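>>> next input, structure requested:
(2 chains)
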Amino acid sequence: MHYADNVDYPRLLSRPSVYIPGLAILFGILLYTQAGTTSLGQALAGVFGMAGDSLLAANLLVAIVVTAVVALNVAVVMRLSLKHQVYVVWAELALLVLLFFYSFDLSFEFIRRKIGFLLTQGLVTTLYVSAISIVIASVLAMIGAVAKLSSNGIALGIANFYTSLFRGLPLLMQIYMIYLGLPQLGYVIDAVPAGILALSLCYGAYMTEIFRAGIESIPKGQWEASRALGLKPKDTLIRIILPQAMRIIIPPTGNQFIAMLKDSSLVSVVGVWELMYLARTQGQTEFRHVEMMITASLIYWILSIVLELIQGRIERRFNRAQTR
Amino acid sequence: MIRKSRLSLVESTPEPTGAVPAVQIRNLSKWYGSFQALTDVDLTISRGEKLVICGPSGSGKSTLIRTINALENFQKGQIIVDGIELTRKPDAVEAVRKRVGMVFQQFNLFPHLTVLENCTLALRLVRGIPHKEAEERALHYLGKVRIPDQAHKYASQLSGGQQQRVAIARALSMQPDIMLFDEPTSALDPEMVKEVLDTMTQLAGEGMTMAVVTHEMGFARQVADRVVFMDRGEIVEHGPPSEFFSNPKELRAQAFLSQILH
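A predicted model of the protein is given here:
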């Protein structure tokens, strides 16, 4: 933990004043939401031979069992080391999510039949649309940030208007405007370039603000030392300020990349065969929407995890030399 | 008299503009909005002179030396450095900054670069010196400020005194004619003040032109050719340290000295 204190406060979950009310609330919620009627309730009733008993009995049974499992689980996890706690809790929650999906009674045969196309066509399209957009957005953000920090009124005006417009309009609207609007001017644009353009412009606008804030966070003394040594403005920015600003810029930029990855699904509205478009259309023929949606969701999740891991690596690299 | 030390910090030969003073400041005035920070300052720093500028906080002493390398602008008056008139034109500012080295109160080392890279970056980018040669020169100056074997560390791994000596080496690597020191020891722990002052004394002994804003009156007594006392943006009194410390003429200087020399 960051800046952990050196006091051994009693752990929150080991205080009876915390875990007893906590378990009581969980118990109450389970009762109130009639947990006995769920598929879990029916399964448990079967196990305990109480099928057909009153609803109240089923509710009570589920509430008692779930509360007991949670209490036991917390007690066990509390004994692990911090690192293992994180892994175990993460795995348990992931398992719950997967069980939730599993409860939809999915046709895995259908998924198996379709996943190849979903990956080779949908995933590949999503990946290259996102990757190209990320690169262009980063370039736009850098230009925008420098323009916003410049004393050039025209550059400043353009940059201000750009961030205002493209942060202000819904991304969906931007996609339509570029795909359907540009042909009005005589420029016919394909769906994929239109999608990439919209994503780049929109995320470039958000990232302009991130880059600007990162550059502004570097103390004045760094600019002055660089100037006093005779470095030109361009070198001061590229060699001195930006490398330090990257530490500040990277975490929110990683956020933006993950958000963009998922927002790339919006370009499906203009008929780009990316992941979300295929997930919607492939399921239609056999009324297997949920299968395709869940499969696509899990693919998005895995991609996000990969981006998180990459972000972590880059952060460690730029933290190598801790600033004072 | 210039004391010749075994370790020579100054490698550059003086410019052929021998007769021209290092810095001439004429009738300089500066305002921050409606607040006047400098009022009609006249000051000439001769070649090889060691000038100490002192005065209460807010008296404009830092502002004054920061105008010399254009880190601060001014509205009225004239600054001539090595015969170059300092305007806001890029050529003039670049030429002046090539001749003037600066050491800051907060060191301002580049935290993302190693000690060596701190010293070589400007050599390569501003002077266009090849990588290898720049490193040799930087190591030479790092040796002289007694930062041995730390060249590949980052600034955050050094003590405050070491950081400030690296900052001095970084400025010296550019082989400036004039060195400006803006309260170089004010951010240091007491036990590290001496090592930095010793380095500065050594530098002074080798004939470097120096303008030092400091509260270290011992250094001023020992090293300065002339002490300038400022208050409220004006130069109130100046003279050799022997006179200034033993017999200050102005009331404000007397009051300042009685506070600072307990």
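
>>> which ones are touching B:S242?
B:R221 (C-beta atoms under 8 Å, 6 or more residues apart in numbering or on different chains). Just so you know, the C-beta spots here come from the backbone N, C-alpha and C atoms, and that holds for glycine as well.

>>> got the buried residues for whatever helix or strand it lives in?
In the assignment (DSSP states H and E), B:S242 maps to helix B:241-246. By 16 or more other C-beta atoms under 10 Å in any protein chain shown, the buried positions in helix B:241-246 come out as B:P241, B:F244, B:F245.

>>> ok, stretch A:246-257 next?
Going by neighbour count (16+ other C-beta under 10 Å), the buried part of stretch A:246-257 is A:M246, A:R247, A:I248, A:I249, A:I250, A:P252, A:T253, A:G254, A:Q256, A:F257.

>>> same question, stretch B:223-243
B:223-224, B:226-231, B:233-239, B:241.

>>> figure out the length between the terminal residues of that stretch.
14 Å (C-alpha to C-alpha, to the nearest Å).

>>> what packs against the helix ranked longest in chain A?
Using DSSP state H, we find that the single longest helix of chain A is helix A:289-318. Using 3 or more C-beta pairs under 8 Å, 6 or more residues apart in numbering or on different chains; DSSP states H and E as the contact criterion, the elements in contact with helix A:289-318 are helix A:108-117, helix A:242-263, helix A:275-284.

>>> any idea which of those is most buried?
helix A:275-284 (a mean of 21; mean count of other C-beta atoms under 10 Å in any protein chain shown).

>>> quick one, that one and helix A:108-117 angle?
Angle between the axes of helix A:275-284 and helix A:108-117 is 140 degrees (criterion: axes from the mean of the first three to the mean of the last three C-alpha atoms, to 10 degrees).

>>> turn the buried residues of helix B:241-246 into a markdown table, columns for pLDDT and distance to B:Y154.
Formatted as a markdown table, the buried residues of helix B:241-246 follow (pLDDT from 0 to 100; distance: C-beta to C-beta, whole Å):
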| residue | pLDDT | distance to B:Y154 |
| --- | --- | --- |
| B:P241 | 94 | 38 |
| B:F244 | 93 | 41 |
| B:F245 | 92 | 41 |
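
>>> from these, which is closest to chain A?
Distance to chain A, by C-beta to the nearest C-beta, is smallest for B:P241 among those, at 27.1 Å.

>>> residues in contact with that closest one?
B:V52, B:A220, B:R221, B:A224, B:R226, B:V227.

>>> adding distance to chain A, pLDDT and secondary structure, write those out as TSV.
Shown next, in TSV, are these (distance: C-beta to the nearest C-beta, whole Å; pLDDT from 0 to 100; DSSP: H, G, I helix; E, B strand; the rest coil):
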residue	distance to chain A	pLDDT	secondary structure
B:V52	20	97	strand
B:A220	23	94	helix
B:R221	28	94	helix
B:A224	22	95	coil
B:R226	24	96	strand
B:V227	24	96	strand
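
>>> follow-up on the earlier one: and the buried residues of stretch B:223-243, which two are furthest apart?
Within these, two members stand farthest from each other by C-beta to C-beta: B:V223 and B:G233, at 25.5 Å.

>>> sorry, back to before: the longest helix of chain A vs helix A:275-284, what angle?
Between helix A:289-318 and helix A:275-284, the angle comes out at 160 degrees (the same axes, to 10 degrees).

>>> on that earlier part again, export the buried residues of stretch A:246-257 to JSON lines and tack on pLDDT and distance to A:A75?
Conversion of the buried residues of stretch A:246-257 to JSON lines gives the following (pLDDT from 0 to 100; distance: C-beta to C-beta, whole Å):
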{"residue": "A:M246", "pLDDT": "91", "distance to A:A75": "43"}
{"residue": "A:R247", "pLDDT": "89", "distance to A:A75": "40"}
{"residue": "A:I248", "pLDDT": "91", "distance to A:A75": "41"}
{"residue": "A:I249", "pLDDT": "92", "distance to A:A75": "42"}
{"residue": "A:I250", "pLDDT": "90", "distance to A:A75": "39"}
{"residue": "A:P252", "pLDDT": "93", "distance to A:A75": "38"}
{"residue": "A:T253", "pLDDT": "92", "distance to A:A75": "40"}
{"residue": "A:G254", "pLDDT": "91", "distance to A:A75": "35"}
{"residue": "A:Q256", "pLDDT": "92", "distance to A:A75": "40"}
{"residue": "A:F257", "pLDDT": "93", "distance to A:A75": "39"}
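
>>> with distance to chain B as extra columns, can I get the residues you listed in JSON lines?
Formatted as JSON lines, the buried residues of stretch A:246-257 follow (distance: C-beta to the nearest C-beta, whole Å):
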{"residue": "A:M246", "distance to chain B": "9"}
{"residue": "A:R247", "distance to chain B": "8"}
{"residue": "A:I248", "distance to chain B": "12"}
{"residue": "A:I249", "distance to chain B": "13"}
{"residue": "A:I250", "distance to chain B": "13"}
{"residue": "A:P252", "distance to chain B": "19"}
{"residue": "A:T253", "distance to chain B": "18"}
{"residue": "A:G254", "distance to chain B": "19"}
{"residue": "A:Q256", "distance to chain B": "23"}
{"residue": "A:F257", "distance to chain B": "23"}
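
>>> what's around residue 99, how many residues?
No chain in the question, so chain A it is. Number of residues near A:L99 (other C-beta atoms under 10 Å in any protein chain shown) recorded here: 10.

>>> was after chain B, sorry
B:R99: 22 neighbours (other C-beta under 10 Å).

>>> and it, how far is that from A:N59?
86 Å (C-beta to C-beta, to the nearest Å).

>>> B:T39: what secondary structure?
Following DSSP: H, G, I helix; E, B strand; the rest coil, B:T39 is assigned to strand.

>>> so where's chain B shaky on pLDDT?
B:1-18, B:262 (pLDDT under 70).

>>> in chain B, which helix has the most residues?
What stands out as the longest helix in chain B, according to DSSP H, is helix B:190-205.

>>> in that helix, what counts as buried?
By 16+ other C-beta under 10 Å, the buried positions in helix B:190-205 come out as B:192-197, B:199-205.

>>> so which of the residues you listed comes closest to A:M142?
Looking across the buried residues of helix B:190-205 and measuring by C-beta to C-beta, the closest to A:M142 is B:V196, at 38.5 Å.

>>> do you know how far the closest one is from B:P184?
For B:V196, the distance to B:P184 equals 6 Å [C-beta to C-beta].
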